[in-house]
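K.L.:
need coordinates for the following:
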Amino acid sequence: MPYSLIDHTREFICRKRFRGHSSPHFYPSEASVQIVNEFGEKEVLGNCLRASYFRCVGEDGRPHSAKSQMYFLLGKAVEKMLIDEWREMGIFVANAVRFENPEYHISGELDVVLREPGTNTLFGTEIKSIAGYRADVEIFGNKHNAGKPKMNQLLQALIYAHEFRNTLAYFKMFYQERGTGDQAEFNVYSTIDERSNGTIIYTPSIDGVPLNSFTINDVYDRYKLLQDHLTQGTPPDKDFQIYYTDDVIEQRFAQKRLSKSKYQEFKKKGNKARPGDWQCFPAYCSYSHICWK
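P.N.:
Numbering: from 1, shown residues only. Have a look, this model is predicted:
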């Protein structure tokens, strides 16, 4: 049988690596927030608190697939390519800038710090590479909807914008489409808002438009909630549902939150096509087999 370079490459990028011990810091990529949505329901935006809990207590997550590892490597390649370009443009300042927030046990690393030509204003940049129709429509928009950043990535960028609010003027989310070469950018701000009762609140905004459904303080409160669960040794409640009940399916379809094709497929195939939150799918969550066992 001929040597398979594909199989050998996949095995190599999925190899188990030796890793040392690390303290259970929380990551900006794990940011989440709970809001009340337009239907009057409590809804979690961003990443699952329960998955972060399992990571922190040392549960063995499901190994990453060769496909997901390749996405990661492609993302790093895009990041290197863009940084090389920005160096040559003369606007590069630093990359892989680490920070820690001991109050909330957050440890992170922002991708790049750049300098505006002319004004020398410093700003941070988070690089995201994307591909596929659904990602393109969300980021770049279409004739019906304006483009916007992915919510879990936006929350991550808001953490960076807030942590560096005294040294960086703003934070930029820079999207690179790997297939078409298209690019999009969004400017993210953490703006101070002193309420009448003396409470200091930080309001997030994108391209100057405030996000009124939550504050950055709300995002940090979720990290505090995670720490409380770790201290108590009890996992948080499930933020998402791997399968919707029949009533939820009917409700979401009526509210146009479930596509007609998925609804009809469920009606035809039953439990074999029962929809649920994508955040719980094994392809996205390394701990779904523990959470839902």
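
K.L.:
where in this structure is pLDDT low?
P.N.:
18-23, 195-198 (pLDDT under 70).

K.L.:
and the helices in it, which stretches?
P.N.:
Taking DSSP state H, the helices of the chain run over residues 5-13, 49-56, 66-89, 133-140, 151-163, 216-232, 246-254, 260-269, 288-291.

K.L.:
out of these, which comes closest to residue 172?
P.N.:
Each of the helices of the chain was scored for nearness to residue 172 using C-beta to C-beta, and the closest is helix 151-163 (8.3 Å). All C-beta spots, glycine's among them, are computed from the backbone N, C-alpha and C.

K.L.:
tell me, how many residues neighbour residue 46?
P.N.:
Here the number of neighbours of residue 46 (other C-beta atoms under 10 Å) works out to 24.

K.L.:
surely it and residue 149 touch.
P.N.:
No. Under the criterion of C-beta atoms under 8 Å, residue 46 makes no contact with residue 149, lying 11.9 Å away.

K.L.:
and residue 243, what is it in contact with?
P.N.:
Contacts for residue 243 (C-beta atoms under 8 Å, 6 or more residues apart in numbering) come out as 271, 274, 275, 276.

K.L.:
how many residues are close by the second one?
P.N.:
Other residues near residue 274 number 16, with proximity taken as other C-beta under 10 Å.

K.L.:
need phi/psi at it.
P.N.:
Note on residue 274: backbone dihedrals following degrees, to the nearest 10 are phi -70, psi 120.

K.L.:
who touches it in this structure?
P.N.:
243, 244, 249, 266.

K.L.:
same deal with the last one?
P.N.:
Contacts were defined as C-beta under 8 Å, 6+ apart; by that measure residue 276 touches 240, 241, 242, 243, 244.

K.L.:
buried subset of these as a ChimeraX selection?
P.N.:
A single ChimeraX command is used to select the members of the contacts of residue 276 judged buried by 16 or more other C-beta atoms under 10 Å:
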select :240,242,244
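
K.L.:
between the contacts of residue 276, which is nearest residue 282?
P.N.:
The nearest member of these to residue 282, counting by C-beta to C-beta, is residue 242 at 9.3 Å.
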